[in-house]
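A.B. asks: I'll drop the sequence and a predicted model, then ask my questions.
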Amino acid sequence: MARLERLGLALTPAAAYDALLPHAAVAVIDVLRATTTIVAALDAGALAVVPAQEAGDAIAVRARLGRAGMLLGGERDAERIAGFDLDNSPTSYTSAMVAGKTIAFTTTNGTKALYRAVQGGAYAVFCGALVNRTAVALALERSGVRHAVLLCAGTSGNVALEDFLGAGAIADALLLRNPGIELDDASRAAALLFRASEARLSDAVASGEHAQTLAAKGYATDILIASQLDVSETVPVFRDGEITAV
Ligand code: MLT
């Protein structure tokens, strides 16, 4: 099995240039909130999360799969979509709500970033966040390829501070285990920022633009939840159109 040799980072899905993704193990990172919420859903016992790019696609997924107890989840402008069962807050994905269920899920940036990774030719696609960063680092390391990419979802095409921190947290965990790994400048910068921020991670996350939008909409708790480091060992993997726990 090949050993992981190189780590790259794309600050936004559009920055993931074509040569970066093919045959790479990719961690898609949307700390606020899509990938944090996907981890929460699987930890609460959801069978699978089926990402969809648009709300209409999620509704079509539910009709196509026709599984008993399927739910619709996600957001637009950070709020629950009309007619959907769940929003994009990790607090909504309780066992009572999602255990044993499949969730068709669409968010503004996170689910699109997952499709960018697949369409770019990734070998494996994982959902990374602060809450599961060591588990995701191990999954990247064990994926059997030479090249891994941290793909930040960003916010509407712009860099998101919390995704860069999440990427840095994964880069940091990889570096601790493999000091010889070759980092590009973006992943090295992310690791440096994470190390400088680790002692006050929730403050760093909360200082970002999207965090401030979420706080203004009443989702301050989500910022604290998403800022927790390594509280889950779940590694969501996006394969054959569905996200399940490895
Ligand atoms: C996204 O995918 O854009 C985010 O998860 C938005 C949000 O925080 O709800």
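C.D. replies: That came through, no problem.
A.B. asks: touching the ligand at all, the helix or strand hosting T37?
C.D. replies: Using DSSP states H and E, T37 sits within helix 34-43. Yes: Helix 34-43 reaches the ligand (CB under 6 Å from any ligand atom) through A34. Placement of C-beta: from N, CA and C, glycine included.
A.B. asks: ditto for stretch 74-90
C.D. replies: Yes: applying CB under 6 Å from any ligand atom, one finds stretch 74-90 in contact with the ligand at 75, 78, 88.
A.B. asks: kindly report the same for stretch 127-139.
C.D. replies: No: counting by CB under 6 Å from any ligand atom, the ligand is not contacted by stretch 127-139; separation bottoms out at 10.6 Å.
A.B. asks: show me which positions of that stretch end up buried.
C.D. replies: Within stretch 127-139, the residues that count as buried by 16 or more other CB atoms under 10 Å are 127-139.
A.B. asks: spatially central residue in this protein, please.
C.D. replies: Nearest to the mean C-alpha position of the chain, by CA atoms, centre = their mean, lies T35 at 3.0 Å.
A.B. asks: now do the contacts for it.
C.D. replies: For T35, the contacting residues are 28-29, 110, 127-129, 153, 166, 236, by CB atoms under 8 Å, 6 or more residues apart in numbering.
A.B. asks: could I get those as CSV with secondary structure?
C.D. replies: Shown next, in CSV, are the contacts of T35 (DSSP: H, G, I helix; E, B strand; the rest coil):
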residue, secondary structure
V28, strand
I29, strand
G110, helix
C127, strand
G128, strand
A129, coil
A153, coil
G166, helix
P236, strand
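A.B. asks: compute the inter-axis angle for the host helix or strand of F164 and helix 34-43.
C.D. replies: Assigned by DSSP H and E, F164 belongs to helix 161-177. Helix 161-177 and helix 34-43 meet at an angle of 70 degrees, taking axes from the mean of the first three to the mean of the last three CA atoms, to 10 degrees as the criterion.
A.B. asks: appreciated, that's everything.
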